[in-house]
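Colleague: Next input, structure requested:
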Amino acid sequence: KENYLHLLPEVEDDLWHLERVIEKHDIVTGLTDRKIKPRVEGEKAERVKMVVSLDVENAEFHRFSGQLRVSGIIVGGKPAELLELGSQQSIEIELGKDVRIKKQSIKRHQVERLRKAAEATKKGKVLLVVLDDEQACFAVLKEFALEETAVLGSGRSGKRFKGQDAKVDAVLLSII
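Modeller: Predicted structure coming up:
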């Protein structure tokens, strides 16, 4: 009725889906650090954790850091006396860190995407193995990419080299 989403990302795929749900001019509210300038000259600036509401300009999922970075203009938050309304800020949405999104309108495909993402979280992981006569490659299937976990050489011998026994069992246990 009021176009609010209150979400808690649990796996990396959730952040990838959120990147596609968040649009320009949505209001995203979350916890962030903000550097507060000193009121008296000569004192050090301090970092304060605060709740900030942003008018979204951009949302980017960073796969390697496992974060969704939402940037925009501050339109509200707490504590209000420390906020500079109208200034730039970003919120890093991480796993286990809740976020609230106020949209102008929630589209049917966005709701469907979030439902499918919630169902996908309940499913088990899929391990892919690709073999040839020289190596084996192991990867975990994710919704946004393949995450390579290991590559094992065969240890085969050639015309000029003696064969070596590959200790595959220990490596496979660490992958799974």
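Colleague: So in this protein, which strand runs the longest?
Modeller: strand 46-62 (DSSP state E).
Colleague: where's that one relative to the chain centroid, distance-wise?
Modeller: Distance of strand 46-62 from the chain centroid (C-alpha atoms, centre = their mean, to the nearest Å) equals 14 Å.
Colleague: Tell me the strands beside the helix or strand just after it, with direction?
Modeller: Using DSSP states H and E, the helix or strand that follows strand 46-62 towards the C-terminus is strand 67-78. Strand pairing for strand 67-78, determined by DSSP bridges: strand 46-62 (antiparallel), strand 88-93 (antiparallel).
Colleague: Select, out of the ones you listed, the one closest to Val130.
Modeller: With C-beta to C-beta as the measure, strand 46-62 is the member of the strands paired with strand 67-78 nearest Val130 (25.9 Å). Heads up, the C-betas are built off the backbone N, CA and C, glycines and all.
Colleague: Now the longest strand of the chain: buried residues?
Modeller: Met50, Val52, Ser53, Leu54, Val56, Ala59, Phe61 (16 or more other C-beta atoms under 10 Å).
Colleague: show me the contacts for the first one.
Modeller: The reference is to Met50. Leu31, Thr32, Asp33, Arg34, Gly77, Lys78, Pro79, Leu82, Leu83 (C-beta atoms under 8 Å, 6 or more residues apart in numbering).
Colleague: tally of neighbours for Glu94?
Modeller: 15 (other C-beta atoms under 10 Å).
Colleague: How about the contacts made by it?
Modeller: Pro9, Gly66, Gln67, Leu68.
Colleague: at 7 Å what do you get?
Modeller: Gly66, Gln67 (C-beta atoms under 7 Å, 6 or more residues apart in numbering).
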